[in-house]
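A.B. asks: my questions concern the predicted model and sequence given below.
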Amino acid sequence: MEEEKNSISNGKTEGSGRNKRKLGSIWEKYAVARLREAGLKIITLNFRCRLGEIDIVARDGDYLVFTEVKCRKSRAAGNPLEAVNAFKQRTIRKVAAFFLLRYGLKQDTPCRFDVYGIEADARGRVLREYWVRDAF
């Protein structure tokens, strides 16, 4: 039973951009469930604008939390947290600023930037999870 809960089949997902997005969406839903379990209130998923995208926007007490989700199915691809490099961090900050503007929130709204990393095996079973609060 535990294996089923922590297993996400990847079917035939290699190669196609559409299938990679679909698999990414599955991992984002997995992260959403974990964040909800921790008490965060999910506001929106996949907030997009011309500047980029943020996977999860949530509320944690007074904080607006912008979360990037990364999954890796191979150690050769590196730690999923490493994928959120300085360029990606700048992009997320810009998109977050736009989110505040778009929804009429004050620029001094308390915000936090989290990263949720998942390491999975080829069958989609979760091997490790990392939730780094206030990652940058």
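C.D. replies: Perfect, I can see it now. If you're wondering where the values come from, they're calculated on a predicted model, not measured in any experiment. Numbering: from 1, shown residues only.

A.B. asks: residue closest to the middle of this structure?
C.D. replies: Geometric centre of the chain, nearest residue: residue 69, 2.1 Å, by CA atoms, centre = their mean.

A.B. asks: okay, that one: pLDDT?
C.D. replies: Per-residue confidence (pLDDT) for residue 69: 97.

A.B. asks: any idea what it is bridged to?
C.D. replies: Beta-bridge partners of residue 69, counted by DSSP bridges, are residue 116.

A.B. asks: hmm, residue 56 and it touching each other?
C.D. replies: Yes - Residue 69 lies in contact with residue 56 (CB atoms under 8 Å); the separation is 6.7 Å. Glycine gets a C-beta too; all of them are placed from N, C-alpha and C.

A.B. asks: got any residues that touch both of these two?
C.D. replies: By CB atoms under 8 Å, 6 or more residues apart in numbering, residue 69 and residue 56 have these common neighbours: 28, 31, 116.

A.B. asks: out of those residues, who's the most crowded?
C.D. replies: Neighbour counts for the shared contacts of residue 69 and residue 56, by other CB atoms under 10 Å, peak at residue 116, which reaches 27 neighbours.

A.B. asks: pLDDT score assigned to that residue?
C.D. replies: 98.

A.B. asks: check the one 4 residues further on too.
C.D. replies: On pLDDT, residue 120 comes in at 91.

A.B. asks: what sits against it?
C.D. replies: 8, 27, 71-73, 126-127.

A.B. asks: for it, give its distance to residue 89.
C.D. replies: 24 Å (CB to CB, to the nearest Å).

A.B. asks: do the same with residue 28
C.D. replies: Residue 28 sits 18 Å away from residue 89, going by CB to CB.

A.B. asks: with residue 77 instead?
C.D. replies: Taking CB to CB, one finds residue 77 at 19 Å from residue 89.

A.B. asks: again with residue 72
C.D. replies: 18 Å.
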